[in-house]
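Student: Need coordinates for the below:
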Amino acid sequence: MLKREGLESIFARHKREQQAVRAAITALNLPLFGADTCASPAITAVMPQQVDAEEVRSVMKKRFDIALAGGQDHLKGKIFRIGHLGFVCDRDILSAIASLEATLTHLGYNEFTPGAGVSAASKILLG
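Tutor: Below is the predicted model:
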């Protein structure tokens with residue numbers, strides 16, 4: 001698969017998916033953990049303040065079968081991480097963001113317009 005897609009295309013896909021996830025998280029009014037200048041092409045870390053990161057992870061896994069990574073060491077329980085490295089496609093990103101929106105709503109977080117995250121990600125992915 002790596003040979004078929006080609007390294008340059010893979011790197012471009014990872015960058016596009018990174019930008020899409022970061023745009024979605026921003027549209028959901030959730031704080032990103034890390035500035036754009038040091039953003040990882042592998043994961044996007046989110047540090048929610050009005051909803052518990054571990055509850056987000058739990059609901060995403062139980063309701064949508066989507067595993068989000070948690071924080072490590074001093075960040076354990078404070079952040080969740082959305083992966084976008086490897087065999088991840090645009091559909092996976094859109095599914096994760098839509099599921100995150102539903103999860104946030106379920107947990108009582110309403111600091112965003114429904115669909116804002118998916119819309120922001122779509123603009124990047126389809127742009």
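Student: Identify the residues contacting the closest residue to residue 79 other than its chain neighbours.
Tutor: Distance criterion Cβ to Cβ, 6 or more residues apart in numbering; nearest residue to residue 79, sequence neighbours excluded, is residue 71 at 4.1 Å. In this view, the C-beta of every residue, glycine as well, is placed from N, C-alpha and C. Neighbouring residues of residue 71 by Cβ atoms under 8 Å, 6 or more residues apart in numbering: 45, 53, 77, 78, 79, 80, 81.
Student: separation between the closest residue to residue 107 other than its chain neighbours and residue 90?
Tutor: For residue 107, ignoring the flanking residues on the chain, the nearest one in space by Cβ to Cβ, 6+ apart is residue 51 at 4.9 Å. For residue 51, the distance to residue 90 equals 26 Å [Cβ to Cβ, to the nearest Å].
Student: Of all the residues in stretch 102-121, which ones are buried?
Tutor: Of the residues in stretch 102-121, those buried under the neighbour-count criterion (16 or more other Cβ atoms under 10 Å) are 103, 104, 107, 109, 112, 116, 117, 118, 120, 121.
Student: closest to residue 13 among those residues?
Tutor: Residue 13 lies nearest to residue 121 out of those, by Cβ to Cβ, at 13.8 Å.
Student: mind checking how far the closest one is from residue 101?
Tutor: Residue 121 is 10 Å from residue 101, by Cβ to Cβ.
Student: swap in residue 108?
Tutor: Remark: distance between residue 108 and residue 101 (Cβ to Cβ) = 13 Å.
Student: For the residue nearest the centre of the chain, give me its contacts.
Tutor: What sits nearest the mean C-alpha location of the chain, by Cα atoms, centre = their mean, is residue 82, with 4.1 Å. Residue 82 sits next to 21, 25, 43, 44, 46, 68, 96, 100 when contact means Cβ under 8 Å, 6+ apart.
Student: quick one: which of these sit in helices?
Tutor: Judged by DSSP state H, helices contain the following of the contacts of residue 82: 21, 25, 96, 100.
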